[in-house]
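Undergrad: I need the structure of the sequence given here:
(one chain, ligands or ions: 1)
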Amino acid sequence: MSEEHDQALVLRWQETLQDVADRARRSGRAPADVQIIAVSKRQPLCAIRALAACGQLDFGENYVQEALEKQKGLALDAVQWHFLGRLQRNKAKFVPGRFVMLHSLDSLPLARVLQEKCETVGVVLDVLLQVNLGQEPQKGGVTEADLPEVARGVAEMSALSLRGLMALPPFELNLAHKQRAFARLARLRDRLQTGLGRSLDVLSMGTTDDYPQAIAEGATMVRIGTRIFGPRAC
Ligand SMILES: *Cc1c(COP(=O)(O)O)cnc(C)c1O
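TA: Down below sits the predicted model:
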């Protein structure tokens, strides 16, 4: 891709960094407390390479096959891959050892498959439980009612490190309602911490459209794609 394209991309990334840092400060938090996961699904390898060269090292992917091809093509040890998409049990074996964090863990059966694979590979995988805040049947995620039980089960698995919660609020909500959904996820996290008696330090929430609202409610990871990379290829 052209040099102008790379320059525009890096500029958008720098502006995003700046804005995320400003919003963190305005919420009384340190900029370093809010990490940007650059969501690179359906974006070209050259764009990932250009950002990695500038120091953006955390990337998020949604599809196993696409992510594995990119990992092979890029072959940069410093880059850390996050898996964000719905993970089918038969593809779970590809995640341990290849991704630093799974943001979309949504069931105990999936957790068991991951635990087994992690033991085989000899790694511990950081995981977040995805919460289905809108009770949308078509979307992945644990319901609020099931959350305590699933969290307890995952917390007992030696090769999975439960770090926190992730959510993608219903698309059609306006920003005020999305912000309320983020506040709700933060409260669920707090309650779960108390229930489990251990700290859950990660709240993965906020995308291009709603990261300001997510940061205001305590997001520690924002997953930003379009604002950095531009529109995705289909
Ligand atoms: C695609 C995706 C994002 C990024 O969305 P943008 O609107 O491009 O910022 C974040 N989180 C998840 C789970 C996604 O699937």
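Undergrad: quick check, the residue in this protein closest to the ligand?
TA: residue 225 (2.7 Å; C-beta to the nearest ligand atom). In short, each C-beta sits where N, CA and C put it, glycine included.
Undergrad: give me the contacts around the top helix by length along the chain.
TA: Scanning the chain for the longest helix, with DSSP state H as the assignment, gives helix 3-26. Contacts of helix 3-26 from elsewhere in the structure, counted by C-beta atoms under 8 Å, 6 or more residues apart in numbering, are 30-31, 33-34, 36, 38, 46-47, 50-51, 54, 56, 211-212, 215-216, 222, 224, 227-230.
Undergrad: check contacts around the residue nearest the centre of the chain.
TA: Closest to where the C-alpha atoms of the chain average out (C-alpha atoms, centre = their mean) is residue 103, at 4.7 Å. Residues in contact with residue 103 (C-beta under 8 Å, 6+ apart) are 60, 82-84, 128, 130, 166, 204, 221, 223.
Undergrad: so does the longest helix of the chain get close to the ligand?
TA: No: Helix 3-26 is not in contact with the ligand by C-beta under 6 Å from any ligand atom; minimum separation 9.9 Å.
Undergrad: just how off-centre is that helix within its chain?
TA: Distance of helix 3-26 from the chain centroid (C-alpha atoms, centre = their mean, to the nearest Å) equals 19 Å.
Undergrad: A helix includes residue 99, no?
TA: No: counting by DSSP: H, G, I helix; E, B strand; the rest coil, residue 99 falls outside a helix, being coil.
Undergrad: what pLDDT does it get?
TA: Here the pLDDT value assigned to residue 99 is 98.
Undergrad: got the phi/psi numbers for it?
TA: phi -130, psi 140 (degrees, to the nearest 10).
Undergrad: in the protein, which spans are strands?
TA: Ranges of strands in the chain, per DSSP state E, are 35-39, 58-61, 80-83, 101-105, 125-130, 160-166, 202-204, 221-224.
Undergrad: for the shortest one, name the packing helices and strands.
TA: Here strand 202-204 touches strand 125-130, strand 160-166, helix 175-196, strand 221-224, going by 3 or more C-beta pairs under 8 Å, 6 or more residues apart in numbering; DSSP states H and E.
Undergrad: would you confirm that residue 160 contacts residue 119?
TA: No: look at residue 160 against residue 119 with C-beta atoms under 8 Å: they stay out of range, at 10.2 Å.
Undergrad: who's more crowded, the two?
TA: Between residue 160 and residue 119, residue 160 has the larger neighbour count (other C-beta atoms under 10 Å), namely 22 against 14.
Undergrad: bridging residues for the more buried one?
TA: Counting by DSSP bridges, residue 160 is bridged to residue 125.
Undergrad: surely residue 178 is in contact with residue 210?
TA: Yes: counting by C-beta under 8 Å, residue 178 touches residue 210, with 4.7 Å between them.
Undergrad: between the two, which is the more surrounded one?
TA: Higher neighbour count among residue 178 and residue 210: residue 178, with 25 against 21, using other C-beta under 10 Å.
Undergrad: and that one, what pLDDT?
TA: What the model reports as pLDDT for residue 178 is 97.
Undergrad: just residue 1 next, same as before
TA: pLDDT, residue 1: 56.
Undergrad: so how do I select the buried members of the contacts of helix 3-26 in PyMOL?
TA: Restricted to buried positions by 16 or more other C-beta atoms under 10 Å, the PyMOL selection for those reads:
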select buried, resi 34+36+38+47+50+51+56+211+212+215+216+222+224+227+228+229
